[in-house]
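>>> I'll drop the sequence and a predicted model, then ask my questions.
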Amino acid sequence: MKNFLFLLCLTLLALAFSGCGNPLLPADSQNPASGGTTPANNDITYLGLWSSNFEALSLAADSHWGGAGSGETGFSDGALSFSHTSGDFSWSGFAYSNMTDTATAGAGNQFSVYSQGALAAGNGGHADSENFVIASIPLDWANGTYDPIPQFMELSDVQAHEIQEIYITNTTNAYLSMKDGDAFAKKFGGEDGSDPDWFLLTIKGYDANDNETGTVELYLADFRFADSGSDYIIDDWTRVDLSPLGEVASLSFSLSSSDSGDWGMNTPGYFALDSINVVCPVDSEQIAAPQVYSDEIPTNTLVEFANQSGENIYVGTSTDLAASTPDSWTLTDSLLLDSPGDYKIFTTSSNSGPNAAPALSWEFKVLDEFSPAVGQAGTMAIDKDDASILAWATGYQNYIAGTDLDEQWKTPLEALGQAEGSSTDIVSLGNGGSITLTFSTAIADGDGADFAVFENSIDDSFLELGYVEVSSNGSNFVRFESFSLTAAPVSAFGSVQAVAIHGLAGKYRQGYGTPFDLAYLQHKADVINGRVDLDNIRYVR
């Protein structure tokens, strides 16, 4: 066994953590102005994405809900409520459907989506889902203005939330009318394609007091380009970013068209929507957290998930790190990561199915071997002179000298200030020893690595390794996950390869630090319960 562990700590430039982040976003955490205090239990709110894809709404094959003569008044899907008005011969608002007839023109085919990519994948909805929503925007005949009347979708709890995105496409009725014209509406572009026609969807946000928060627009068709080859009619699901609207309690949807006359808009007033992603708080007891989480994970790791509520745990995956929903959901409390690659893993807790509660996401990089030693391609080593270094440790406490330790190296003050990259500017911990370093400026969870730990190994394989823990109050510490692919115990003068080690201080030779990202502690119970504030780390052990 090796006898000594030498350790120095520093902070890297940390960015304030605000807005939506991956893999998991704590919000509203207390951030004390001076060190030592900690937020109260459950003071951290975890924000997950509740994805409304309407798959929980029951429909027979090739059918729809709502419409003229139905008598229906509205429906809800999870966090969202949709209005519906039904008359004997017409309807307005929102209906849900799974109909995919892209060939039949006219008002008799009001409930079919026009989505070439989705249909090629097998179903009409976004991301190969079956169900979607059809919106019908009426004209104001009653007051004689014939203006489009906006239709509203509301958050069921009447509280303001950020709606990240929505997916939009045309209906078959509207698409074929614009493409070919019909008895009431013109062919977009005219006979020679030069008419500057357009069909516009306007989405407005409103807060809990019905104050407008902003506007987002999407042209469902646009023939105004100088080059007619750029003219288009949307024929597939299109993502619309709704984050500019801020936190909203409701959305209004309205349509307008260049093809309008004395009796209002001639273009059929329909569009389709799907996959609405709402940012919602997740109760700490419901968080389905992975029991192991790190920026690098070895192949064939079995990741288990647990919550405090006892509800069913659903797990889904995607290889698209930008995805807001998984490829599919599975009722399980474990997942084997048996192939190298980047994975985004989604978790949710509910006894009513995976779409009944907000989902959290966790990013995993699965590797056959870890990042290599200093100087090699892909190394994560931080040079002691790196310009991004903001500050170094300013104090220490609780220095515990372990066994097999020479008196001359019991020098905790050497752990303060900038690392020199030598074999003498050190404190030795010995076997089983530890030291807690303190920082006058708190370390916060920013983008990427937040701090690094320096060691004094004389080369790339004679490594001195140690666990790393952090705390915001000096009492409650959480430890970074660590992995070793080393096949057998290491002798006193044996070697350890950097590619076989991750999550341990001392991975790199003297003068180079091992970086640590606080984001990969967000699954820890003391973080979830608010005992450790990742935006106010002042103690590194």
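Happy to help now that I have it.

>>> Can you tell me which helix or strand of this structure has the lowest average pLDDT?
The weakest-scoring helix or strand in the chain, judged by mean pLDDT, DSSP states H and E, is strand 25-27 (a mean of 32).

>>> Would you tell me what the next helix or strand after that one is?
Where DSSP states H and E defines the elements, the next helix or strand beyond strand 25-27 is strand 45-52.

>>> What average pLDDT does that next one get?
The average pLDDT within strand 45-52 is 85.

>>> Give me the helices and strands touching that strand, please.
With contacts defined as 3 or more CB pairs under 8 Å, 6 or more residues apart in numbering; DSSP states H and E, strand 45-52 has these neighbours: strand 25-27, strand 270-282, strand 360-367. Every residue, glycine included, has its C-beta placed from N, CA and C.

>>> try 6 Å this time
Judged by 3 or more CB pairs under 6 Å, 6 or more residues apart in numbering; DSSP states H and E, the packing partners of strand 45-52 are strand 25-27, strand 270-282.

>>> you'd agree residue 332 is up against residue 317?
No. Counting by CB atoms under 6 Å, residue 332 sits too far from residue 317 to count as a contact (11.0 Å).

>>> For the longest helix anywhere in the chain, which residues meet the burial criterion?
Ranked by number of residues, the top helix in the chain under DSSP state H is helix 172-180. Residues 172-179 are the ones in helix 172-180 that count as buried (16 or more other CB atoms under 10 Å).

>>> quick one: low-confidence ranges for the stretch 1-150 of the chain?
Applying pLDDT under 70 to the stretch 1-150 of the chain flags residues 1-45, 118, 121.

>>> which residue ranges form the strands in it?
Under the criterion DSSP state E, counting those that start in this stretch, the stretch 1-150 of the chain contains strands at 8-12, 25-27, 45-52, 64-65, 74-77, 80-86, 91-97, 132-136.

>>> likewise the stretch 401-541 of the chain?
Counting by DSSP E, counting those that start in this stretch, the strands of the stretch 401-541 of the chain are 434-443, 451-454, 469-471, 478-479, 483-484, 501-502, 512-516, 537-540.

>>> Generate CSV for these, with distance to residue 148 as supplementary columns.
Output for the strands of the stretch 401-541 of the chain, formatted as CSV (distance: least, CB to CB, whole Å):
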stretch, distance to residue 148
strand 434-443, 52
strand 451-454, 55
strand 469-471, 55
strand 478-479, 54
strand 483-484, 58
strand 501-502, 57
strand 512-516, 54
strand 537-540, 53
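
>>> Of all the ones you listed, which one comes closest to residue 74?
Shortest distance between residue 74 and the strands of the stretch 401-541 of the chain, using CB to CB, is found for strand 478-479: 45.7 Å.

>>> Contacts for the closest one, please.
467, 469, 521, 524, 526, 532 (CB atoms under 6 Å, 6 or more residues apart in numbering).

>>> I'd like the distance between residue 188 and residue 227.
Residue 188 sits at a distance of 16 Å from residue 227 (criterion: CB to CB, to the nearest Å).

>>> what about those two, which has more around it?
Remark: of residue 188 and residue 227, residue 188 carries more neighbours, 26 against 6, as counted by other CB atoms under 10 Å.

>>> just to revisit the earlier point, of residue 332 and residue 317, which one has the most company?
In this view residue 332 and residue 317 are compared by other CB under 10 Å, and residue 317 has more residues nearby, 18 against 13.

>>> so which of the helices and strands packed on strand 45-52 is the most packed in?
Stretch with highest mean neighbour count among the helices and strands packed on strand 45-52: strand 270-282 (a mean of 23; mean count of other CB atoms under 10 Å).

>>> what does it contact?
When contacts are defined by CB under 6 Å, 6+ apart, strand 270-282 is touched by residues 45-53, 79, 113, 125-126, 132-136, 161-169, 171, 173-174, 201, 324, 358.
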